[in-house]
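A.B. asks: fold the stuff below for me.
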Amino acid sequence: EVAWSQLYSLGGKRFDQAEVIAGFRRAEAAGDPGGAAGLAYCHALCVGTGLDGDRAFALAGRAAAAGHPLGEAVLGICHEFGYGTAEDPGAAFELYSKSARSGCVLGQHRLARCHIRGVHVGRDPALGSRMMKALVDRHRFVPAVRDLSDEIHRGGNIGVYRDLYDSLTAMCFEAAGRGDPEAMYWLGRIARRNGWDYRAVMEHWERAARLGQREALSIFADIAGGNRGYRDLMRADRDSLCRVAVLAYQRGDRISHVLTYTGDAHRDGLGGVGRDYPKAESLYLQAINRSRCNAHNNLIWLYLAGESDLPGSRLRPDLALLHCRAHARCGSWCDGGFPCHVLADLLSNERFADQIKPDLPRAYAAGHRAKELGNPHWRDGGRLEQLAERMGAEQLAEAEALVAAGYPARREDVMEAYRELIAMGRLDQHAMDFHCSERQLPASRTRSGPR
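C.D. replies: This next block holds a predicted model:
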């Protein structure tokens, strides 16, 4: 009970993440189903530990079987979000209802959210908000404070409920001062909505993320990935973004943005970790396997850097070439034709002749593609003219045919590169199925020849 009250600042207790986890573990070891339920909640929402849906489901199931209301509520969370089991909103709603009837604050809160968001029942924001208001009045329950404030804002009713909204904001400040990460996250949301200085927004979200608050970690991942919705916050220093990405990774988050920026942290020695080439390489490959196509660019840089002060670093133009080919179309508009630019350089550069057979016609076609995409190294046409001068009539005709056919951005060219990477054990089949799908990579259209 002490650990649970600390977790959500019930009764004004100071939030102490280490003591929360220790308290739940002591109770679970003593056979208390409440301890198992609390640990399940921590595993499901990354409170002081990594995400482990299977463990959360097992612990919550054991507590629920013993009739513990908190266990029933956490088991409902597992069913709602598919932690350790298939998603089942109906089962989640029933478990929340049963827990709420037993007086569990978490069960009552989750049930109110179901009514606000229409989970398994018809959406009824008015009923859900009344339930949230009761939790705020009786328990000052921070998640209810957050959700009620959100509903007032989304409904455009801040003017009508200004006193209540201000009171909720004050409660968030109070809870944040006691170390509650939920309150810190919500203060960041309030700060952004009300046009506060972006530094205040970032400060609140970073504090919440450092304590493992899941939504704050996800927002940092979006910021790190350049999400347009957070472009106004991109002035935050890169070390801070990498540091939170590393924390998210350590807590079990494997979304592609987290993998990519944790890879950057290991490549550049940011975010409190040392420089580690093999680790960075592994993380970038995992990001591609999880649908992050732009991680190809990170690998291209890594393989061409060959920095002597980066442990494990090695110059691998052959691997850079493969990733250029794989990324020659997907995402190339947003990165200014970078992979096509590098591909043209690699195929025309005698420096790498011992690892890459020069191919001037393909280099010309890749350079032409980079020019089309506005790459600063190719857009004036000077480098294309230099390549043309190095080729005979037969090679130039081959180059023009490749340009007209759409090389290197043809779907079949990209798929061939993915097949080679899969055969080498570097990527898995999912990467090819996703990145080469019709939705991600429509069949190429024939274009006119060089201009």
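A.B. asks: contacting residues around Tyr83?
C.D. replies: Shown in contact with Tyr83 (Cβ atoms under 8 Å, 6 or more residues apart in numbering): 44, 53-54, 56-57, 77. Bear in mind the C-beta positions are built from the backbone N, C-alpha and C, glycine included.
A.B. asks: find the nearest non-adjacent residue to it, please.
C.D. replies: Distances taken as Cβ to Cβ, 6 or more residues apart in numbering put Gly53 closest to Tyr83, at 3.4 Å, once the chain neighbours are dropped.
A.B. asks: since we're on the one you found, how many residues are nearby?
C.D. replies: A count of neighbours around Gly53, defined by other Cβ atoms under 10 Å, yields 16.
A.B. asks: and it, what pLDDT?
C.D. replies: Confidence at Gly53, expressed as pLDDT, is 80.
A.B. asks: check contacts around it.
C.D. replies: Counted by Cβ under 8 Å, 6+ apart, Gly53 has contacts 43-44, 78, 82-84.
A.B. asks: so Val105 touches Ala134, yeah?
C.D. replies: No. Counting by Cβ atoms under 8 Å, Val105 stays clear of Ala134, with 10.4 Å between them.
A.B. asks: hmm, back to that, looking at the contacts of Gly53, which is nearest Ile422?
C.D. replies: Nearest to Ile422 among the contacts of Gly53: Gly82, at 27.9 Å, using Cβ to Cβ.
A.B. asks: can you tell me how far that closest one sits from Ala44?
C.D. replies: 11 Å (Cβ to Cβ, to the nearest Å).
A.B. asks: who's more crowded, those two?
C.D. replies: It is Ala44, of Gly82 and Ala44, that has more neighbours when counted by other Cβ under 10 Å, with 25 against 12.
A.B. asks: contacts only, for that one.
C.D. replies: The neighbours of Ala44, taking Cβ under 8 Å, 6+ apart as the test, are 51, 53, 56, 60, 74, 77-78, 81, 83.
A.B. asks: so of those residues, which ones are in helices?
C.D. replies: 53, 56, 60, 74, 77-78, 81 (DSSP state H).
A.B. asks: would you write a ChimeraX line that selects the buried entries of those residues?
C.D. replies: Per 16 or more other Cβ atoms under 10 Å, the buried members of the ones in helices among the contacts of Ala44 correspond to this ChimeraX selection:
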select :53,56,60,74,77,78,81
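A.B. asks: out of the ones in helices among the contacts of Ala44, who's nearest Leu187?
C.D. replies: For these, the nearest to Leu187 is Ile77 (23.8 Å; Cβ to Cβ).
A.B. asks: the residue nearest to that closest one when sequence neighbours are not counted sits in which helix or strand?
C.D. replies: Once flanking residues are discounted, Ile77 sits nearest to Ala44: 5.5 Å by Cβ to Cβ, 6+ apart. Assigning secondary structure by DSSP states H and E places Ala44 in helix 33-45.
A.B. asks: follow-up on the earlier one: of all the contacts of Ala44, which comes closest to Asn375?
C.D. replies: Scanning the contacts of Ala44 for proximity to Asn375, where the rule is Cβ to Cβ, the winner is Leu51, at 39.7 Å.
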